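>>> Fold the stuff below for me.
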Amino acid sequence: MARRPLKLGLIVFLGEFVRTGLLVTLLPALCTGDWHVGLAAAAWAISAHYLVDTLGRAPAGWLVDRSGTRQVLLAGMGLALAALCLLFVLGGHHVPLYLLTGLYGIGTAPLWPATVTEATGDRRQTAASVMGYVFAAWLVGAGLGPVLTDGALHAHLALAYGLLLAGQVAVVLWAPRVTGLTPRLRRPATPWRALGRAIWHVRPLLPGMFAQTLTLGLFLPILTLFAQDVLHLGPVGYAELLFGAGGVAVLLMVPLGRLADRVGVRAPLVVGFALAAVAVALLGGSRSLAAALGFGALAALAYALILPAWNSLLASVAPGGAEGSLWGVFMSIEGLGLAVGPVLGAQAWQAMGTRGPFLVGAAVLGAMAVFYVSYPVQRLGRPPVGAD
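You can find the predicted model right below:
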């Protein structure tokens, strides 16, 4: 059992390392450099990937319930590897670029539904602890991917290519180890009407799924502007801010996940959302690196409280036999929040000034804290899912 969180964490680390290295660093550099297709093409390609990945998670989760995690995960990671290889050959033209980043999104779509199903399906009493490992690995992989790819790119383009291809090959080779020694055939897939009843049962949680990722999305288009124009940070100071706050989240994710398994999910969610609301509001008023680091660390602490507890809550309400399908739906809703957030954040920045996105985010997070204080989430339970 002790090895399973590490196995799950490693595949998430590798998958997100390759994804962020490609989309954040290598693809924009190629589009504005050797490929001569422009930054707008890179933006459309990145959007195509995340749109397809988000919409593909619900069908991928359904396939996980039908065929088992091993088959779906292997097929997806193999498709992602093929898309990467073709992208490096054909990506210098607009249409192939968009099609192949979309194909890469189809390949990566099963990663999270399969991983979370494996993490929570048979071990609900320790789901928060396991998810603490998984999300810590995600943060490390997402942070190191762009940094190491950028370093490799400065040395030689072929080295950056090779780094990402090697990472994706490692994902394909590691995938079978995540799901046990033999393929696990699951029960027949949940009928769509029965799945709809399960979603209706957990409907009080759906706005929260959207709101949490909406809050994160608010800061995507303005964080660099805030660091440069408000805090007056250079590249080194910006990296210190990101890695300082991110390091706090990584270090605390696992112990706070264990805490949620011991005390239940409600208290960590209430404290986490309330703390996050305060931290985000204060961060928006920061005018120095020291203040921003302090409030950023406070936000990271809140994030480490929220994520494992939240996913443990979702695991507790996912009905047996439909875990993959329901996780796919959950993650599609979360992805939509992340897609809407940047637009709202940019509008708040323009309409309300530099503190606008932070105040909007704090209001959303505060509302989530009030919801978990007032709503008895522990009474939701798991709905039965039967054949129609």
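
>>> hang on, residue 159 packs against residue 148?
No - the pair residue 159 / residue 148 is not scored as a contact, 10.2 Å apart, by CB atoms under 8 Å. Quick note: C-beta positions are derived from backbone N, CA and C, even for glycine.

>>> Tell me which of those two has more neighbours.
More crowded of residue 159 and residue 148, by other CB atoms under 10 Å: residue 148, with 17 against 13.

>>> so how far is whatever helix or strand the more buried one lives in from its chain's centroid?
Residue 148 belongs to helix 127-155 when assigned by DSSP states H and E. Using CA atoms, centre = their mean, to the nearest Å, the mean C-alpha position of helix 127-155 is found 11 Å from that of the whole chain.

>>> again, but for stretch 293-307
16 Å.

>>> Flag every buried residue along the helix or strand hosting residue 171.
According to DSSP H and E, residue 171 maps onto helix 157-178. Neighbour-count burial for helix 157-178, counted by 16 or more other CB atoms under 10 Å, picks out 157, 160-161, 163-164, 167-168, 170-172, 174-175, 178.

>>> What helices and strands are in contact with that helix?
In terms of contacts (3 or more CB pairs under 8 Å, 6 or more residues apart in numbering; DSSP states H and E), helix 157-178 is packed against helix 3-20, helix 69-90, helix 111-120, helix 127-155.

>>> Please identify which of those helices is closest to residue 202.
helix 111-120 (14.3 Å; CB to CB).

>>> Please name every helix or strand in contact with that closest one.
helix 3-20, helix 39-67, helix 69-90, helix 127-155, helix 157-178, helix 289-317, helix 323-352.

>>> in whatever helix or strand comes next after the shortest one, what counts as buried?
Scanning the chain past helix 3-20 towards its C-terminal end, the next helix or strand to appear is helix 27-32 (assignment: DSSP H and E). Within helix 27-32, the residues scored as buried using 16+ other CB under 10 Å are 27, 28, 29, 30, 31.

>>> Dump those residues to JSON lines, plus distance to residue 351 and pLDDT.
JSON lines is the format used below for the buried residues of helix 27-32 (distance: CB to CB, whole Å; pLDDT from 0 to 100):
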{"residue": "27", "distance to residue 351": "31", "pLDDT": "87"}
{"residue": "28", "distance to residue 351": "28", "pLDDT": "86"}
{"residue": "29", "distance to residue 351": "33", "pLDDT": "85"}
{"residue": "30", "distance to residue 351": "35", "pLDDT": "90"}
{"residue": "31", "distance to residue 351": "31", "pLDDT": "87"}
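
>>> could those residues go into a markdown table alongside distance to residue 219?
Listed next are the buried residues of helix 27-32 as a markdown table, based on distance: CB to CB, whole Å:
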| residue | distance to residue 219 |
| --- | --- |
| 27 | 21 |
| 28 | 19 |
| 29 | 23 |
| 30 | 26 |
| 31 | 24 |
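
>>> Using a markdown table, lay out the helices and strands packed on helix 111-120 together with mean pLDDT and distance to residue 377.
Below are the helices and strands packed on helix 111-120 laid out as a markdown table (pLDDT from 0 to 100; distance: least, CB to CB, whole Å):
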| stretch | mean pLDDT | distance to residue 377 |
| --- | --- | --- |
| helix 3-20 | 87 | 24 |
| helix 39-67 | 84 | 22 |
| helix 69-90 | 93 | 27 |
| helix 127-155 | 83 | 14 |
| helix 157-178 | 93 | 29 |
| helix 289-317 | 87 | 6 |
| helix 323-352 | 82 | 15 |
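
>>> Need these in CSV (columns: distance to residue 236).
Converted to CSV, these look like this (distance: least, CB to CB, whole Å):
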stretch, distance to residue 236
helix 3-20, 20
helix 39-67, 24
helix 69-90, 31
helix 127-155, 13
helix 157-178, 22
helix 289-317, 10
helix 323-352, 24
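
>>> Of all these, which one comes closest to residue 244?
helix 289-317 (5.1 Å).

>>> who are the neighbours of the closest one, in terms of helices and strands?
Against helix 289-317 (3+ CB pairs under 8 Å, 6+ apart) you get helix 111-120, helix 127-155, helix 206-218, helix 235-263, helix 266-284, helix 323-352.

>>> want to try TSV for those, with distance to residue 98 as columns?
Output for the helices and strands packed on helix 289-317, formatted as TSV (distance: least, CB to CB, whole Å):
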stretch	distance to residue 98
helix 111-120	21
helix 127-155	21
helix 206-218	22
helix 235-263	29
helix 266-284	34
helix 323-352	17
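
>>> Quick one, grab the pLDDT at residue 195.
We have a pLDDT of 68 for residue 195.

>>> Could I get the CA-only coordinates of stretch 17-27 as PDB?
What follows is stretch 17-27 as a C-alpha-only set of coordinates in PDB (Å, rounded to 0.1, in the frame of the first residue of the first chain):
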ATOM      1  CA  PHE A  17       6.300  17.500 -16.600                       C
ATOM      2  CA  VAL A  18       6.000  16.700 -20.300                       C
ATOM      3  CA  ARG A  19       2.800  18.700 -20.700                       C
ATOM      4  CA  THR A  20       3.900  21.900 -19.100                       C
ATOM      5  CA  GLY A  21       7.400  21.700 -20.700                       C
ATOM      6  CA  LEU A  22       5.800  21.400 -24.100                       C
ATOM      7  CA  LEU A  23       3.000  24.000 -23.700                       C
ATOM      8  CA  VAL A  24       4.600  26.600 -21.500                       C
ATOM      9  CA  THR A  25       8.100  26.600 -22.900                       C
ATOM     10  CA  LEU A  26       8.900  24.600 -26.100                       C
ATOM     11  CA  LEU A  27       5.700  25.300 -28.100                       C
END
